[in-house]
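Novice: Sequence below, structure please.
(one chain, ligands or ions: 1)
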Amino acid sequence: MAGMDSAGDKVAHVLVKRILLLNAHLLHLKMRNNIVSSRSYVIDFFHRPKYILSMKRLQAFKFELKLSAGEKRNLFRFAGSCRFVYNKALALQKERYEKGDKKLTYAGLCKELTAWLKSSPSQALQQSLKDLERAYQNFFLKRADFPRFKKRGARDSFRLPQGVKLDQANSRIFIPKLGWVRYRNSRDILGELCNVTISRSQNKWFVSIQTEREVSSPTHSSITSIGVDVGIAQFATLSDGTIFPAVNSFKSHQKKCAALQRHLSKKKKFSKNWKRIVFKISNLHSKIANIRHNYLHQTTHAISKNHALVCVEDLQIKNMSKSACGTVAIPGKKVKSKSGLNKAILDQGWYEFRRQLEYKQHWRGGIVIAVSPHYTSQTCPECNHVDALNRQTQSQFACVECGYRNNADIVGAINILRAGHARLACGETVQLGRSMNQEPTEILHALVA
Ligand SMILES: [Zn+2]
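Specialist: Predicted structure coming up:
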């Protein structure tokens, strides 16, 4: 650990151990009593015998389906029906909303539904009504914009809450109204089946099986802590000097993408050649997404495997990548350079990085602490002098007070680690995220084309 003295290291180890025990204990209490009371339990804990801690884990297992042409057509139809129901219900609600009528409840919509469609799995259709219901709630609670109509061909998917049967030994799954279909069985599915989502990406259909199971709370095999600084030039720099370079999957494919776009503009719309190029472009996009996905998993796996405590900067990525153009009333500044930065930020997938780190740490029994990013790039790790002048170039850190020099990203990571330790030392309990037991569905940022 560059820049950390061994005494500080020891204190950190003790703290990490303590907070991990405390954390596991709190989690257990939370599950048992649904109350979390923080500090008084700390002392209590050390005088008690060991518990066998356990927690519920929700996990999704995703496989590609092996389908015949007829089965593919059926899935297209099911997804289309779900979209149809969603859009029709939304149109109905919108009409009532504009007339000043009261919104129909979910049960009310279900009654209407029976008259609409019969040949698709009714469970799946009801699930799309539930999705609409949630979209409405999010709108009324000011968490989201007004629900929008679903477009054909974009994000084809539907969810089945029941009626699905699984035959792992023969790698097949029973889907209502479709029958038994085979899937690429790459791993065992653990736990009890909750629900199943069928989705399409390019020409392939996937099944994602959500399960629930009891697991004992793990204790992290390592007791070290690490600070992580994310950036544009390097994807992530660790406080021990490890560097994960940026893949920039999007940037390297940008030229190819632009060339294809140019080709496309010369073709007649909806012609055979036009369709061929559209397919090529979307293939390229999914390739980019796969590269990034893979890289993120590798990076977060390496970090979470080796360190019990991971400190990261609490970056507000949403604000950072806000539209650079601004509005008509308040036009944005430095539009061009900012939009380039936005592209770079979205390309890195920091949000996904943090999400993966959090759930992977949680599953291993480690923790993630997010610290305020203020002055992490300007503080000297040797003498604590804070000065903007400490960082004269983007990549080099040189303290104006004591002359300490190091790579700027490593200095950032060391400062993040220290801020994390400080938070632990203050006795602040670490927040257990809303759904840390779960591996939430991936949020893929729309590619900036
Ligand atoms: Zn200094």
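
Novice: sec struct for the residue most central in space within the chain, please.
Specialist: Central residue of the chain (C-alpha atoms, centre = their mean): Glu352, 4.1 Å from the mean position. Here Glu352 is recorded as helix under DSSP: H, G, I helix; E, B strand; the rest coil.

Novice: got a list of what the residue lying closest to it once chain neighbours are set aside touches?
Specialist: Distance criterion C-beta to C-beta, 6 or more residues apart in numbering; nearest residue to Glu352, sequence neighbours excluded, is Leu296 at 5.5 Å. For glycine as for every other residue, the C-beta is placed from the backbone atoms N, C-alpha and C. Neighbouring residues of Leu296 by C-beta atoms under 8 Å, 6 or more residues apart in numbering: Gly349, Glu352, Phe353, Gln356.

Novice: May I see these arranged in JSON lines, with pLDDT and distance to the ion as well?
Specialist: Conversion of those to JSON lines gives the following (pLDDT from 0 to 100; distance: C-beta to the ion, whole Å):
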{"residue": "Gly349", "pLDDT": "76", "distance to the ion": "34"}
{"residue": "Glu352", "pLDDT": "83", "distance to the ion": "35"}
{"residue": "Phe353", "pLDDT": "89", "distance to the ion": "30"}
{"residue": "Gln356", "pLDDT": "91", "distance to the ion": "34"}
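
Novice: still on that earlier bit, ok, so what distance separates the residue nearest to the centre of the chain from Thr197?
Specialist: Applying C-beta to C-beta, to the nearest Å, the value for Glu352 to Thr197 is 19 Å.

Novice: now do Thr211
Specialist: 12 Å.

Novice: Okay, buried residues for stretch 398-417 please.
Specialist: Buried residues in stretch 398-417, counted by 16 or more other C-beta atoms under 10 Å: 398-399, 404, 406-417.

Novice: Show the average pLDDT along that stretch.
Specialist: Across stretch 398-417, pLDDT averages out at 92.

Novice: Stretch 78-88 too?
Specialist: Per-residue scores along stretch 78-88 average to 88.

Novice: next one: it to chain centre, how far?
Specialist: 26 Å (C-alpha atoms, centre = their mean, to the nearest Å).

Novice: how about that stretch as PDB, C-alpha atoms only?
Specialist: Extracted C-alpha coordinates of stretch 78-88, given in PDB (Å, rounded to 0.1, in the frame of the first residue of the first chain):
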ATOM      1  CA  PHE A  78     -46.000 -13.200 -27.300                       C
ATOM      2  CA  ALA A  79     -43.700 -10.200 -26.900                       C
ATOM      3  CA  GLY A  80     -45.800  -8.300 -29.400                       C
ATOM      4  CA  SER A  81     -49.000  -9.100 -27.400                       C
ATOM      5  CA  CYS A  82     -47.400  -7.900 -24.200                       C
ATOM      6  CA  ARG A  83     -46.400  -4.700 -25.900                       C
ATOM      7  CA  PHE A  84     -49.900  -4.300 -27.400                       C
ATOM      8  CA  VAL A  85     -51.500  -4.800 -24.000                       C
ATOM      9  CA  TYR A  86     -49.100  -2.300 -22.400                       C
ATOM     10  CA  ASN A  87     -49.700   0.300 -25.100                       C
ATOM     11  CA  LYS A  88     -53.500  -0.200 -25.200                       C
END
